[in-house]
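Visitor: Quick one: sequence plus predicted model below, questions after.
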Amino acid sequence: MTRGQIANVDLVKQVNSAAVYRLIDHAGPISRVRIAELSHLAPASVTKITRALLEQGLIQELAHQASTGGRRAISLATVTQPFYLVSVKLGREELRLTLYNLAGQEFGRQILPFPRRELNNLLAALHHHIADFIAETGGERRIVAVAVIMPGLTDAQHGRVIYHPSYPLADVPLAGQLGSQLGLPVFIGNDTRAQALAEHYFGASKDCLDSVLVRVHHGVGAGIVTEGRIFKSQGRDVAEIGHIHVDPLGERCDCGNVGCLETMVADAALLRQARRMLDQGYCSTLAGRTLTMDVLCEAANKGDQLALAILRRAAERLGQALAIVVNLFNPQRVLLSGALCNAEDIVFPIINQAITHQSLPGFHQGQPIIRACFQHDQTIGGLALVKRALLEGELLQRILENKK
């Protein structure tokens, strides 16, 4: 058998194993007979795959199902508690690490300052912190993967960073380098896209196949889930809606263009607007206070006219951009994440009105924008990346073959 034939056989094994595991995960408890019917795999193949999954503890047999004639079938369900992962958020000069099991339960968390530095020192420090965290929290637990999420752009398919706003990681094959050092499979991805996937698996859009999450923070990004999968272009990130051109006379953006949405609705942009208006003499309860998004939203909720004007204008701009996204992707649900949610009663109706008026009626379907579940868990996206690697077979096959 040639090397190419061996590769094809391995790929078929991965695809078939993933198909069976997905069915058990999504539809379990489920019988082997039903799995064969839904997957169109031969019963013997299903039996072989489920035997391997049982041996690795990835699934379990439950009580016999009620008989419909003949021998009663045994049900199968996934097992998530005994498998663990480390999720790492490589933020802006900050490192967050969390130990989860595959059920999403948290078993340890750490937040560390992580200043800018030369690339080799940066990579050595990153490896050191992750390895130490595993040693401190892992114990005898079976850790099956590490996920690293970050702002910026990634090529998740090849485990490569394209751009990070704080560190010199452009074109670094981060997943491969960390994986060889840690002896574990490593998956990387953009933090907003990963959060959208987490909302789909565990949160506010788990009952939808098609959804959009928009996150407003340092910048403005989106994660688009279509047919239950994150929307990508050849494995690379998409949906940088913060750089939609909105105002030809607007401020210059970090990307080099002028009038991007990000320059009007991101947290820093709103706080700049507030300072500018205060400096111009506008009367506000914000005068003399240290300006943060929490302070701005609190003032708006209490009726401060300056704060209200800023947030209402931001909601209009954001609603216009979201109407474009709705027209392009026709999602079942639109989620918002970020500090603007602290002024939900002010911001959401304006966004909803813009979507209703500026998108096709059959597309927005009268569905209001809703608040994302994972507003404050900045590492939950890493759990979603590992879950995806299991469901799509890459990590699943490693576990079945006892590979690291």
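Guide: Yep, that arrived.
Visitor: The residue most central in space within the chain and Ala339, how far apart?
Guide: Among the residues of the chain, the one closest to the centroid is Ala194, at 1.5 Å (C-alpha atoms, centre = their mean). Distance of Ala194 to Ala339, computed by C-beta to C-beta, to the nearest Å: 19 Å. Every residue, glycine included, has its C-beta placed from N, CA and C.
Visitor: cool, Val220 as well?
Guide: Going from Val220 to Ala339 by C-beta to C-beta gives 12 Å.
Visitor: between the two, which one's more packed in?
Guide: Neighbour tally, Val220 and Ala339, criterion other C-beta atoms under 10 Å: the higher count belongs to Val220, 27 against 16.
Visitor: quick one: the helices in the stretch 151-300 of the chain?
Guide: Counting by DSSP state H, counting those that start in this stretch, the stretch 151-300 of the chain has these helices, from start to end: 174-182, 191-202, 262-265, 267-279, 293-301.
Visitor: So which of the ones you listed is the most surrounded?
Guide: With neighbours defined by mean count of other C-beta atoms under 10 Å, none of the helices of the stretch 151-300 of the chain is more surrounded on average than helix 191-202, at a mean of 27.
Visitor: just checking, what packs against that one?
Guide: Helix 191-202 is packed against strand 142-150, strand 211-216, strand 220-226, strand 229-230, strand 333-338, helix 380-391, with contacts defined by 3 or more C-beta pairs under 8 Å, 6 or more residues apart in numbering; DSSP states H and E.
Visitor: dump the residue contacts of Thr285.
Guide: By C-beta atoms under 8 Å, 6 or more residues apart in numbering, the contact list for Thr285 reads Ala299, Lys302, Asp304, Ala307.
Visitor: In a markdown table: those residues, plus distance to Ile350.
Guide: Putting the contacts of Thr285 into a markdown table (distance: C-beta to C-beta, whole Å) gives the following:
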| residue | distance to Ile350 |
| --- | --- |
| Ala299 | 17 |
| Lys302 | 18 |
| Asp304 | 17 |
| Ala307 | 14 |
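Visitor: of those residues, buried ones?
Guide: Buried members of the contacts of Thr285, scored by 16 or more other C-beta atoms under 10 Å, are Ala299, Asp304, Ala307.
Visitor: can you list these in CSV and add distance to Leu385?
Guide: Formatted as CSV, the buried ones among the contacts of Thr285 follow (distance: C-beta to C-beta, whole Å):
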residue, distance to Leu385
Ala299, 37
Asp304, 40
Ala307, 37
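Visitor: Export those residues as a markdown table, with columns for pLDDT and distance to Leu249.
Guide: Listed next are the buried ones among the contacts of Thr285 as a markdown table, based on pLDDT from 0 to 100; distance: C-beta to C-beta, whole Å:
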| residue | pLDDT | distance to Leu249 |
| --- | --- | --- |
| Ala299 | 96 | 28 |
| Asp304 | 96 | 27 |
| Ala307 | 96 | 24 |
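Visitor: that older thread, and the helices of the stretch 151-300 of the chain as TSV, adding distance to Ile162?
Guide: Below are the helices of the stretch 151-300 of the chain laid out as TSV (distance: least, C-beta to C-beta, whole Å):
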stretch	distance to Ile162
helix 174-182	11
helix 191-202	13
helix 262-265	18
helix 267-279	23
helix 293-301	28
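Visitor: Tell me which of those sits nearest to Ala18.
Guide: helix 191-202 (15.4 Å; C-beta to C-beta).
Visitor: Give me the angle between the closest one and strand 333-338.
Guide: Computed with axes from the mean of the first three to the mean of the last three C-alpha atoms, to 10 degrees, the direction of helix 191-202 lies at 130 degrees from that of strand 333-338.
Visitor: what angle separates helix 191-202 from strand 142-150?
Guide: Using the same axes, to 10 degrees: helix 191-202 against strand 142-150 is 130 degrees.
Visitor: how does the chain divide into domains?
Guide: 3-78, 83-196+379-400, 204-371 (automatic domain parsing).
Visitor: and the closest residue in space to Leu184 that isn't next to it in sequence, how far is that from Leu90?
Guide: Once flanking residues are discounted, Leu184 sits nearest to Val146: 5.3 Å by C-beta to C-beta, 6 or more residues apart in numbering. Using C-beta to C-beta, Val146 is found at 12 Å from Leu90.
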